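Asker: any chance you can model this:
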Amino acid sequence: MPNQAKQGKARAAATDAREDIMSPAAISAMSAGVVSAMAAVGGAVLKMHKEAMDEKPDWFWHLFAKCEAKAARVAAEAAHEPQSNGDATFIEVYAKTLPALLKKALNAHEQALNRA
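Answerer: Numbers count the residues shown, from 1 in each chain. Have a look, this model is predicted:
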């Protein structure tokens, strides 16, 4: 199967997983600016880890969806704190959290492979 087709199939699976982790109601409640910022951050993180994505696309997209959902939950909690700025806080926390979570997960995976 060509690499592009594999990645497309893996992205579709990740989208399904994302919808399982983040409810459609939660996604639709976000402002357009937040959704756009999330897409920009996600795109940048994907570019940073292109090699890992190309090696095992199915696994990578599953991992990315889990990290993305966790980053969104952390950001949503921060955005609802009394001293927060709502969407601005959400975007800031999400942009800091997603790259860190994915890097940590990829490092843990690599260490586990090295031990085996």
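
Asker: all strands for this protein, in order.
Answerer: Shown for the chain, no strands are assigned by DSSP state E.

Asker: looking at it, which helix is longest?
Answerer: Determined from DSSP state H, the single longest helix within the chain is helix 87-115.

Asker: which neighbouring elements make contact with it?
Answerer: Other helices and strands packing on helix 87-115, by 3 or more Cβ pairs under 8 Å, 6 or more residues apart in numbering; DSSP states H and E, are helix 32-48, helix 57-79. Using the backbone N, CA and C atoms, a C-beta is placed for each residue, glycine as well.

Asker: how about residues contacting the shortest one?
Answerer: Residues external to helix 32-48 that are found in contact with it (Cβ atoms under 8 Å, 6 or more residues apart in numbering): 27, 30, 53, 64, 68, 72, 87, 90-91, 94-95, 98-99, 102.

Asker: angle of that helix against helix 87-115?
Answerer: With axes from the mean of the first three to the mean of the last three Cα atoms, to 10 degrees applied, the angle from helix 32-48 to helix 87-115 works out at 20 degrees.

Asker: quick check: phi and psi at residue 30.
Answerer: Reported as degrees, to the nearest 10, the phi and psi values for residue 30 are phi -80, psi 150.

Asker: ok, it to residue 91 distance?
Answerer: The gap separating residue 30 from residue 91 is 10 Å, by Cβ to Cβ, to the nearest Å.

Asker: check the offset of the longest helix of the chain from the chain's centre.
Answerer: Relative to the chain's own centre, helix 87-115 is displaced by 9 Å; criterion: Cα atoms, centre = their mean, to the nearest Å.

Asker: tell me the average confidence for it?
Answerer: Helix 87-115 carries an average pLDDT of 94.

Asker: how near is the residue nearest the centre of the chain to residue 27?
Answerer: Centre of the chain computed as the mean C-alpha position; nearest residue by Cα atoms, centre = their mean is residue 68, 2.4 Å away. Going from residue 68 to residue 27 by Cβ to Cβ gives 11 Å.

Asker: now residue 60
Answerer: Relative to residue 27, and taking Cβ to Cβ, residue 60 is found at 21 Å.
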